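Pasting the sequence and the predicted model now:
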Amino acid sequence: MQKMTFMSRLRLIVFALLVFLLAAASRSGAALVAIDAGHGGSDEGIVYTTAGARPVKEKDIALSLAKAAQAALRQRGIPAFLVREVDRNMGISERASAANEKSPSLFLSIHVSSRGDFNIYVTWMPAQEPDVRKLYLYSRRQRPYIAQSREFAASLEQAVKEAFPGKGVSYIEMPLSLLNEISAPAVMIEVPYPDSVDYGNQLNRQRFAAAIANAVTLYQNIKPAGANAR
């Protein structure tokens, strides 16, 4: 694991203090966060293999990180639920329905990248219906929340950069069927592949989970005026 410099540690301490103060002074109620662990069941996602070690499956990493994030949020008094709680198949429509029926304030889908950095996705939403809609049919559920989705993504980007100072974080907008189906601010995150971050290490899982909790806290305090509150 890359050693943190003194300045990196200092920045992390200052950031943690800021998050604590924001949480204490929060002007809005706690969000209900839906956490989606990508893939599951026969859909294993990417399978990472290393010589002499057991293969690591994306579906298992995503679920372990989702559970850690749920625990971190609950420790701060922020309610959260898992869209996929066990190792089973779930299609996009089932995931969206399971999330939407509980009317979450935020939705986060967790996946693993094939690269060594983080990717944060918000769905691309054109100003008008595109001519390509026959090739890609997207729901209008996400349209009212796109500004809040971008704000949540910005908070997540900041929190991840503070928690993993040696990693790059890319912000990407593209059509994503799952995010389009969510009736709440919705973001997808891809974490670095396991050769880059050891997710079997509890400290790394906790570091990621704390970043998610920090991002939710920050979003609750900087979300745009008139943003949806559930």
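Right, received. Where do you want to start?

so where do the strands sit in this protein?
Assigned by DSSP state E, the chain shows strands spanning 33-37, 47-48, 56-57, 80-82, 106-112, 118-123, 169-174, 186-191.

The closest residue to residue 83 other than its chain neighbours pairs with what?
Once flanking residues are discounted, residue 83 sits nearest to residue 36: 4.1 Å by CB to CB, 6 or more residues apart in numbering. In short, each C-beta sits where N, CA and C put it, glycine included. Beta-bridge pairing of residue 36, defined through DSSP bridges, involves residue 109.

Distance of residue 36 relative to residue 187?
For residue 36, the distance to residue 187 (CB to CB, to the nearest Å) stands at 10 Å.

repeat for residue 173
As judged by CB to CB, residue 173 and residue 187 stand 11 Å apart.

wait, residue 115 sits on residue 194?
No - the criterion here is CB atoms under 8 Å, and residue 115 misses it with residue 194 at 11.8 Å.

Between those two, point out the one with more neighbours.
residue 194 (19 against 13; other CB atoms under 10 Å).

tell me the contacts of that one?
Residue 194 sits next to 48, 56, 61, 112 when contact means CB atoms under 8 Å, 6 or more residues apart in numbering.

cool, and residue 87?
Shown in contact with residue 87 (CB under 8 Å, 6+ apart): 40-41, 59-60, 63.

For these, give me CSV that also has distance to residue 183 and pLDDT.
Compiled in CSV, those are given as follows (distance: CB to CB, whole Å; pLDDT from 0 to 100):
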residue, distance to residue 183, pLDDT
40, 22, 98
41, 25, 97
59, 25, 98
60, 29, 97
63, 24, 98
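
and those residues as CSV, adding distance to residue 155 and neighbour count?
What follows is these, written out as CSV (distance: CB to CB, whole Å; neighbours: other CB atoms under 10 Å):
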residue, distance to residue 155, neighbour count
40, 27, 24
41, 31, 12
59, 26, 24
60, 27, 19
63, 23, 22
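
wait, which of the contacts of residue 194 is closest to residue 149?
residue 112 (21.1 Å; CB to CB).

Distance check, that closest one against residue 105.
25 Å.

now swap in residue 142 and tell me
Going from residue 142 to residue 105 by CB to CB gives 14 Å.
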